[in-house]
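K.L.:
Requesting a structural model of the entry that follows:
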Amino acid sequence: MAKPQKSFTCNACGAVYSRWQGKCDDCGDWNTIAEQTASVSGAPKGLSRKKGSQVALVSLDEPIDEAPRLLSNISELDRALGGGLVPGSAILIGGDPGIGKSTLLLQVMGALALKGEDCVYISGEEATAQIQMRANRLGLGGAPLKLGCETSLRNILTTLDEGPSPKVVVIDSIQTMFADHVEAAPGTVSQVRVCSHELINFAKKRGTIMLLVGHVTKDGQIAGPRVLEHMVDTVLYFEGDRGHQFRILRAVKNRFGGTDEIGVFEMTGAGLKEVSNPSELFLADHNIREPGTCVFAGIEGSRPLLVEIQALVARSSAANPRRAVVGWDTGRLAMVLAVLDARAGLGLAGCDVYLNVAGGLKISEPAADLAVAAALMSSLSQTPLPDETVVFGEISLSGDVRSVAQSNNRLKEAAKLGFSRAIMPKSKKGVKSEIEQQSVSRISDLASHFFPDS
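P.N.:
Next up is the predicted model:
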């Protein structure tokens with residue numbers, strides 16, 4: 001009889017080693033390598049064509065029976081998912097502790113249960129009494145939702161196999177589940193991989209919508225093996241700052257829709273409330289402009305979004321001036337500062353620079369370059385931007401201001417909120433809008449507004 005093979009696997013990143021060591025060479029974490037035993041007694045040495053079964057092949061032009069999406073009655077979630085829940089899909093939701101993942105899923109399951117859907121909520125972290133108390137607080141105490149508190153994968157699958165297949169199942173969370181045939185602690189790479197594989201197979205075979213909650217690491221990534229995100233159909237991140245009441249549901253992977261849509265929620269005492277017009281919440285009183293503030297007209301997926309960008313520039317005598325950024329890319333700020341020094345001669349190399357996106361929103365769009373540059377110039381010159389003005393545009397390393405996509409939608413959103421002027425790149429096709437447009441082709445054109453004597 002062959003002896004079992006021993007290997008050592010990192011519980012943080014999944015790296016495999018032939019012997020134990022204190023530090024993982026791949027991720028750099030300490031004391032995360034644990035022993036794994038796998039039997040090789042029945043391991044096949046080769047594959048034979050005669051022992052397999054033939055795979056049914058179809059052509060692209062054959063008709064398909066596409067099941068209709070299941071609407072969750074929460075429009076912001078349906079927007080992030082691309083139009084609703086797809087039967088037989090597996091959805092992974094990650095986020096920081098206490099951000100509102102369990103609250104959001106309980107509201108979704110309660111709304112679906114009130115519609116008459118068969119929904120099951122399995123929690124491995126809370127008792128059923130705790131979930132019932134939260135449901136009463138959210139006004140869902142009368143929803144016919146089936147609750148369970150279990151961490152054994154075998155018991156969960158046995159329960160779900162009884163009777164008709166449920167329409168939607170929530171597993172909160174996948175890191176607390178364990179399979180008794182795997183010799184590893186719950187939350188390890190082996191346990192998360194096996195439990196996810198079994199639950200996803202159940203969802204595919206029965207047509208059940210499987211919602212998995214995932215813990216995140218200190219870097220913001222979902223804990224466990226990276227293969228977990230490859231196995232599921234959709235990966236959603238629930239973002240937000242505890243200092244703000246806003247929460248952003250963002251799709252980073254979606255096999256049934258786009259990955260550029262977001263859902264905006266507001267955390268209240270009665271749970272998460274949908275925000276249909278987030279621009280009004282992310283903006284302060286734009287009638288009173290202060291130096292260093294600028295309103296950026298951005299796009300998140302198909303939704304135009306106006307947000308306030310705040311900048312503070314202060315002279316510094318330190319050898320290495322401070323750069324602090326909240327809600328934007330630090331490398332992008334360094335590039336904008338270099339362009340302003342080289343192409344506009346502002347001399348920001350000896351200044352402390354602080355940049356903040358109001359409301360806790362994170363911006364990754366290159367169209368925010370011009371708005372950031374305007375906020376920096378406004379703070380440096382102590383000259384506020386004109387009232388009712390929005391700014392957008394991309395800055396190149398040569399100092400040119402490039403046009404961006406969906407300029408019409410940006411201007412329509414600005415006009416709807418009462419803005420009357422826009423600083424934007426020149427457009428070859430021309431943009432029709434009731435807003436007054438001030439076109440800039442180079443960053444020096446914008447600098448001449450704040451520094452007319454230079």
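
K.L.:
Could you list the low-pLDDT ranges of the stretch 1-150 of the chain?
P.N.:
1-5, 37-51, 67 (pLDDT under 70).

K.L.:
just the helices in it please.
P.N.:
Listed in chain order, the helices of the stretch 1-150 of the chain (DSSP state H, counting those that start in this stretch) span 75-81, 101-114, 128-137.

K.L.:
So what would you say the end-to-end distance of stretch 161-169 is?
P.N.:
This stretch, stretch 161-169, spans 12 Å end to end (Cα to Cα, to the nearest Å).

K.L.:
Okay, buried residues for it please.
P.N.:
S165, P166, K167, V168, V169 (16 or more other Cβ atoms under 10 Å). (C-beta placed from N, C-alpha, C; glycine too.)

K.L.:
I'd like the distance between the third one and E198.
P.N.:
Using Cβ to Cβ, to the nearest Å, one gets 19 Å for the distance from K167 to E198.

K.L.:
swap in the last one?
P.N.:
Separation of V169 from E198 (Cβ to Cβ): 12 Å.

K.L.:
Of all the residues in the longest helix along the chain, which ones are buried?
P.N.:
Identified as the longest helix of the chain according to DSSP state H is helix 189-206. Residues of helix 189-206 classed as buried under the neighbour-count rule (16+ other Cβ under 10 Å) are 189-196, 198-200, 202-203, 206.

K.L.:
what bridges to the spatially closest residue to I93 that is not a sequence neighbour?
P.N.:
Distances taken as Cβ to Cβ, 6 or more residues apart in numbering place L236 nearest to I93, at 4.8 Å, with adjacent residues excluded. In this structure, L236 bridges to I93, A251 when assessed by DSSP bridges.

K.L.:
Check whether L236 really touches I99, as I assumed.
P.N.:
No - counting by Cβ atoms under 8 Å, L236 stays clear of I99, with 11.9 Å between them.

K.L.:
what pLDDT, on average, does the longest strand anywhere in the chain get?
P.N.:
What stands out as the longest strand in the chain, according to DSSP state E, is strand 303-315. Strand 303-315 shows a mean pLDDT of 92 in the predicted model.

K.L.:
Now the element after that strand, going C-ward?
P.N.:
Counting by DSSP states H and E, the element after strand 303-315 in chain order, helix or strand, is strand 323-326.

K.L.:
if we can go back for a sec, strand partners of the longest strand of the chain, parallel vs antiparallel please.
P.N.:
strand 293-300 (antiparallel), strand 351-357 (antiparallel).

K.L.:
for the shortest one, the distance to its chain's centre please.
P.N.:
Spelled out, that is strand 351-357. How far strand 351-357 lies from its chain's middle: 24 Å, per Cα atoms, centre = their mean, to the nearest Å.

K.L.:
Any buried residues in that strand, and which?
P.N.:
So, applying 16+ other Cβ under 10 Å, buried residues of strand 351-357: C351, V353, Y354, L355, N356, V357.

K.L.:
what's the most distant pair in these?
P.N.:
Comparing all pairs in those by Cβ to Cβ, the longest separation belongs to C351 and V357, at 19.8 Å.

K.L.:
OK, contacts around the closest residue to M109 other than its chain neighbours?
P.N.:
Among residues not flanking M109 along the chain, C119 sits closest, at 4.7 Å (Cβ to Cβ, 6+ apart). C119 makes contacts with M109, L112, A113, L145, K146, P166, K167, V168, V169, V170, as judged by Cβ atoms under 8 Å, 6 or more residues apart in numbering.

K.L.:
ok, D233 to A447 distance?
P.N.:
Taken as Cβ to Cβ, the span from D233 to A447 is 48 Å.

K.L.:
So for these two, which residue has more residues nearby?
P.N.:
Neighbour count, other Cβ atoms under 10 Å: between D233 and A447, A447 has more, with 23 against 20.

K.L.:
any idea which element that one lies in?
P.N.:
Using DSSP H and E, A447 falls in helix 443-450.

K.L.:
Quick one: mean pLDDT for that helix?
P.N.:
90.

K.L.:
Enumerate the positions of that helix that are buried.
P.N.:
Buried residues in helix 443-450 (16+ other Cβ under 10 Å): I443, S444, D445, L446, A447, H449, F450.

K.L.:
In JSON lines: the residues you listed, plus distance to N155.
P.N.:
Formatted as JSON lines, the buried residues of helix 443-450 follow (distance: Cβ to Cβ, whole Å):
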{"residue": "I443", "distance to N155": "63"}
{"residue": "S444", "distance to N155": "69"}
{"residue": "D445", "distance to N155": "68"}
{"residue": "L446", "distance to N155": "64"}
{"residue": "A447", "distance to N155": "67"}
{"residue": "H449", "distance to N155": "68"}
{"residue": "F450", "distance to N155": "66"}
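
K.L.:
Out of those, which is nearest to D329?
P.N.:
I443 (18.3 Å).

K.L.:
need the contact list for that closest one.
P.N.:
So I443 contacts V339, L340, R343, A344, A373, I395, G399, D400, V401 (Cβ under 8 Å, 6+ apart).

K.L.:
again with A179
P.N.:
A179 neighbours (Cβ under 8 Å, 6+ apart): L153, R154, Q191, V194, C195, E198.

K.L.:
Neighbours of E125, how many?
P.N.:
E125: 15 neighbours (other Cβ under 10 Å).

K.L.:
how about the nearest residue to it, chain neighbours excluded?
P.N.:
Nearest to E125 is T176, by Cβ to Cβ, 6+ apart, at 5.8 Å.

K.L.:
got a pLDDT number for the one you found?
P.N.:
Value listed for T176 in the pLDDT field: 93.

K.L.:
That concludes my questions; thank you for your assistance.
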